[in-house]
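1. Could you work out the structure for the sequence below:
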Amino acid sequence: MPRIAFDSLKDPQVVDHFSLEIQGLEHGTFREADGIESSNDVIETREMGLGGKQYVTKLPGNLKWGDITLKRGVTDSMELYKWRQAVIDGNMAEARKSGSIILYNAMNEAIGRYDFVRAWPSKYKGPGVNATNNAIASEEITLAHEGLTRSS
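-> Coordinates of the predicted model:
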């Protein structure tokens with residue numbers, strides 16, 4: 001049995017922060033992202049072989065992309081809200097944009113990039129406010145898109 005060469009293994013990267021870039025312009029840093037994913041439906045076909053033995057073959061079906069949800073502290077920027085407003089107003093030609101989620105380490109070096117195409121904000125959630133605690137007000141935006149690739 002061959003020995004595993006641990007010298008070629010890489011340590012996982014620690015993500016310090018990440019940003020949203022839309023059509024080449026950075027739109028702030030975020031504290032949470034979820035839904036960076038793709039999946040396929042699984043189609044099972046069953047066949048009978050010689051002697052009545054059953055075989056199951058699994059094939060890839062429809063490709064699906066997860067909606068990307070981003071969360072950040074509320075700032076004075078209205079860009080995300082205005083982007084969502086374009087969808088509410090029915091202006092999909094303006095609302096569909098391609099962009100990236102860029103991951104950074106503590107030295108502010110880009111360590112990963114996920115590019116999405118033809119995204120539009122399907123949901124905007126403003127802050128839940130409570131004047132009796134010291135929590136930061138946060139906003140959330142959910143992006144529906146038509147494709148995702150990792151470019152670095």
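2. what's the spacing between the most centrally placed residue in the chain and T132?
-> When C-alpha atoms, centre = their mean is applied to the chain, the residue found nearest the centroid is I36 (3.0 Å). In this view, I36 and T132 are 35 Å apart by C-beta to C-beta, to the nearest Å. C-betas here are computed from N, CA, C, even on glycine.
3. Also N105?
-> Counting by C-beta to C-beta - N105 and T132 are separated by 36 Å.
4. Pick out whichever of those two has more residues nearby.
-> N105 (14 against 5; other C-beta atoms under 10 Å).
5. if I read this right, that one contacts F18, doesn't it?
-> No. Taking contacts as C-beta atoms under 8 Å, N105 lies outside contact range of F18: 10.4 Å.
6. For the chain, which residues score under the pLDDT cut-off?
-> 1-7 (pLDDT under 70).
7. helix/strand/coil for K64?
-> What DSSP: H, G, I helix; E, B strand; the rest coil gives for K64 is strand.
8. Hmm, N40 and it touching each other?
-> Yes. K64 is in contact with N40 according to C-beta under 8 Å; the separation is 7.2 Å.
9. Can you get me a residue count around L143?
-> Counted with other C-beta under 10 Å, residues neighbouring L143 total 22.
10. nope, G24 is what I meant
-> There are 8 residues near G24, going by other C-beta under 10 Å.
11. same thing with the one 3 residues further on?
-> Here the number of neighbours of H27 (other C-beta under 10 Å) works out to 18.
12. Now it: which helix or strand?
-> Using DSSP states H and E, H27 sits in strand 25-30.
13. can you list contacts of that strand?
-> 17-21, 70-72, 75, 77, 79-80, 102 (C-beta atoms under 8 Å, 6 or more residues apart in numbering).
14. Next step: those residues restricted to helices.
-> Among those, the ones falling in helices (DSSP state H) are 79-80.
15. Show the buried residues in the contacts of strand 25-30.
-> Neighbour-count burial (16 or more other C-beta atoms under 10 Å) is assigned, among those, to 18-21, 70, 72, 80, 102.
16. returning to that earlier point: go through the contacts of strand 25-30 and name the one nearest T45.
-> L70 (39.1 Å; C-beta to C-beta).
17. Grab the nearest non-local neighbour of that closest one.
-> F30 (4.8 Å; C-beta to C-beta, 6 or more residues apart in numbering).
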